[in-house]
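> here you go, sequence then predicted model.
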Amino acid sequence: MIIIQEAKTKKELTEFVKFPFSLYKGNPYWVPPLISEELETFDKTKNPAFDNAEATFYVAKRDNNIVGRIAAIINWDEVNKQQKSKVRFGWFDVIDDIEVTKALLEKVYELGRKNNLEYVEGPMGFSNLDKVGVLTEGFEELGTMITWYNHSYYASHFEQLGYVTEKEYVENKFPFANAKPEFFEKVNELVKKRYQLKPINFKSTSDVMPYVDKMFDLFNETYAKLSSFVAVSDVQKEYFKKKYIGFINPEYIKYVEDKDGNLIAFAIVMPSFSKALQKANGKLFPFGFLHLLKAKRSSKDVLFYLIGVHPDYQNKGVTAIIFSEYHKSFTENGVENCYRTPELADNIAVQLLWKNFNPVIHCRRKTFRKEL
């Protein structure tokens, strides 16, 4: 018999967070999150996503053992401002038993129907800066700290339950050796001169901070036209600033300004923390933080997290300036491999940015949809 229970207390939410640790035990490709970070994400008093969203967390139990989990989510900005009558689900993990999946999803349907919503989509988080999509290809590729890993049967469960593909995402990789300067140096100099632009580099996190609000404003403007986009609020800016900027090497944050000091492009690259997180196994102490610190200083793999260009400067070669600056930083740090975070498969403009580097798709993922 399957019993669905809501996780409310810290103890219950900790069990919710820890379930994947048993589900993927011994899997060399799964990257565990930090337990404390996950709990903070679910804390309504700490995560500003709850200012504009609500979420309920559930576990499925059989014989008093957890066999699945799910978060039922409504992003009210999405519903009220974008008129998308959608209930989301995320943080979905389950054993290979479709009856467990069905029972968990019923709780999502309940929330959607209670609020007169029309369809369900997932897996996805609260906002565009959360993890998204169920892995459909790349099960033997090492995951990242900003993606969900899952077993191959997840997509099959959704399809058997009448879900259809809503969005498709691709993840690419290429060796840094493919990023040859001749692809972008000439354009770099031409674009800087023609539009009177200059790159901004950083040596310390404190130097980055005064620019972060401008970066999020530009992020909102850059991605506003994407169908899945929900803008980052001012409160969320402060939260992400405190939570994540310190994780990122300052030399891996690049900005481009115009002659009047206006930010017109940005990019954020992160060192890969995947192997460090596997060693930490969910805990910062006593040694987890040391593994993360070492990865920040010496990882030879990097992850292109965000890139944005003001609409007025798109398709004008501005990314050549960014690539040129990264080439210098990556050369100094001995970077060997470059990975890209999930990008919408139909976002051709982004795909074209990387064409000269001969990237290969190493993972694919989807969100699935079902009418209520």
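Sure thing, it's come through. All values reported here derive from a predicted model rather than from experimental measurement.
> let me see the ranges of the helices in the chain.
10-23, 35-41, 76-80, 98-114, 153-160, 185-195, 205-223, 234-244, 274-280, 288-298, 319-333, 348-353 (DSSP state H).
> which one of those lies closest to Lys259?
Comparison of the helices of the chain against Lys259 by Cβ to Cβ identifies helix 185-195 as nearest, at 8.3 Å. Every C-beta, even on glycine, is put in place using the N, C-alpha and C of the backbone.
> in this structure, what spans have low per-residue confidence?
The chain contains residues with pLDDT under 70 at 226-228.
> do that again at 90, thanks
Scanning the chain for pLDDT under 90 picks out 81-82, 127-129, 183, 210-211, 219-247, 306, 308, 315, 347-353, 355.
> nearest residue to Val87 other than its sequence neighbours?
In space, and not counting its chain neighbours, Val87 is closest to Gly112: 3.5 Å by Cβ to Cβ, 6 or more residues apart in numbering.
> number of residues surrounding the one you found?
Per other Cβ atoms under 10 Å, the neighbour tally for Gly112 reads 22.
> my guess is it meets Val79, correct?
No: with contact defined as Cβ atoms under 8 Å, Gly112 does not count as touching Val79 (10.4 Å).
> and for these two, which residues touch both?
Counting by Cβ atoms under 8 Å, 6 or more residues apart in numbering, the common neighbours of Gly112 and Val79 are Lys86.
> before we move on, the earlier item: could you dump the helices of the chain to TSV with distance to Phe57?
Below are these laid out as TSV (distance: least, Cβ to Cβ, whole Å):
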stretch	distance to Phe57
helix 10-23	5
helix 35-41	11
helix 76-80	18
helix 98-114	10
helix 153-160	18
helix 185-195	47
helix 205-223	27
helix 234-244	19
helix 274-280	22
helix 288-298	24
helix 319-333	39
helix 348-353	33
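> figure out which of those helices is closest to Gly308.
Of those, nearest to Gly308 by Cβ to Cβ is helix 205-223, at 3.7 Å.
> and the angle from that closest one to helix 234-244?
Angle of helix 205-223 versus helix 234-244, following axes from the mean of the first three to the mean of the last three Cα atoms, to 10 degrees, is 130 degrees.
> what are the buried residues along helix 205-223?
Buried residues in helix 205-223, counted by 16 or more other Cβ atoms under 10 Å: 208, 211-212, 215-216, 218-220, 222-223.
> could you do stretch 266-280 as well?
Buried-residue list, stretch 266-280, by 16+ other Cβ under 10 Å: 266-274, 276-278, 280.
> pick out the most distant pair among the buried residues of helix 205-223.
The widest separation within the buried residues of helix 205-223 (Cβ to Cβ) is 20.6 Å, between Val208 and Tyr223.
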